[in-house]
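Visitor: Take this sequence and fold it.
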Amino acid sequence: MLEVGVIEESGAAEVALDPIRARLLALLAEPHSATSLAALLGLPRQKVNYHLKTLEAHGLVELVEERRKGNVTERVLRAAAASFVISPAALAAVAPDPARSPDKLSARWLLAIAARLVKEVGALITGAARAGKPVATFALDGTVRFASAADRAAFAQELAAAVAGLVSRYHDERAEGGRDHRVIVAIHPSLRPDGMHTMDAAAARPGVDVQIETEHRPETKES
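Guide: Now for the predicted structure:
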């Protein structure tokens, strides 16, 4: 089972978003039969079996084993992944495009960048799985608390300068056989654990948050 499955087809996305099928996928993190799932959900086995066949047809669940019980063969299934993410490729006609409005101080531009990240990395994961090879990626995730908006703006400027310096040092336009890598660095307010995400005045000021994007990044091999 994969840790994260990428849904790239619109039909599969539609299937996965059905409330009953979404619950089935969650339960199928562990192997189950239609009978055991029906008992857990309080639904007729025939109805559960119908949904399972639909999920299986779209590659979202997979057969683990078949058990013979008298004159009946019980099929035991498991989700193809522990969790799923829907790629913007599934909504290609309306997928966000960062090039349409490249305002680097816009939260919506950051969202478009994030959507493209999901789309591109999802496609890389799918291709790498078929080829039986790892994907070369690297990511950092952390939290910094700023005392003031001025400190946050200064941090963003220093970060931009540091990234630009690294890119300038390692980018080699003349490297034969080299491969371009995308670099994305973003800063945004953290969500509060209590679910209250009201924006304070400092966080809402134009120019406080900065997103830096370039077309290259150092390659770090990580499966």
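Visitor: List the contacts of Leu37.
Guide: Applying C-beta atoms under 8 Å, 6 or more residues apart in numbering to Leu37 gives the contacts 24, 27-28, 43, 48, 52. In this view, the C-beta of every residue, glycine as well, is placed from N, C-alpha and C.
Visitor: One more pass at 6 Å, please.
Guide: With contacts defined as C-beta atoms under 6 Å, 6 or more residues apart in numbering, Leu37 is in contact with Val48.
Visitor: That one looks like it's in a strand, true?
Guide: No - the assignment for Leu37 is helix, going by DSSP: H, G, I helix; E, B strand; the rest coil, so no strand is present there.
Visitor: from what I can see, Ile184 looks like it's in a strand, true?
Guide: Yes - with three-state DSSP as the criterion, Ile184 is located in a strand.
Visitor: Just confirm Glu62 contacts Ala81, I think it does.
Guide: No - taking C-beta atoms under 6 Å as the definition, Glu62 is not a contact partner of Ala81, at 9.8 Å.
Visitor: Between those two, tell me which one has more neighbours.
Guide: It is Ala81, of Glu62 and Ala81, that has more neighbours when counted by other C-beta atoms under 10 Å, with 20 against 15.
Visitor: OK, contacts around that one?
Guide: When contacts are counted by C-beta under 6 Å, 6+ apart, Ala81 touches 2, 4-5.
Visitor: for Lys69, same thing?
Guide: Listed by C-beta under 6 Å, 6+ apart, the contact set of Lys69 is empty.
Visitor: Got phi/psi on it?
Guide: Comment: the main-chain dihedrals of Lys69 come out as phi -130, psi 100, following degrees, to the nearest 10.
Visitor: do Leu63 as well
Guide: According to degrees, to the nearest 10, the main-chain angles of Leu63 amount to phi -80, psi 130.
Visitor: Show me the beta-bridge partners of it.
Guide: Per DSSP bridges, the residues bridged to Leu63 are Leu77.
Visitor: Run a quick neighbour tally on it.
Guide: Leu63: 11 surrounding residues under other C-beta under 10 Å.
Visitor: cool, and Glu9?
Guide: With other C-beta under 10 Å as criterion, Glu9 counts 14.
Visitor: for Gly142, same thing?
Guide: Neighbour number of Gly142 under other C-beta under 10 Å is 4.
Visitor: What helix or strand is it located in?
Guide: Taking DSSP states H and E as the criterion, Gly142 maps to no regular element, lying outside all helices and strands.
Visitor: now Gly165
Guide: Here Gly165, judged by DSSP H and E, is contained in helix 149-170.
Visitor: max-length helix in the protein?
Guide: Counting residues, the longest helix in the chain under DSSP state H turns out to be helix 107-131.
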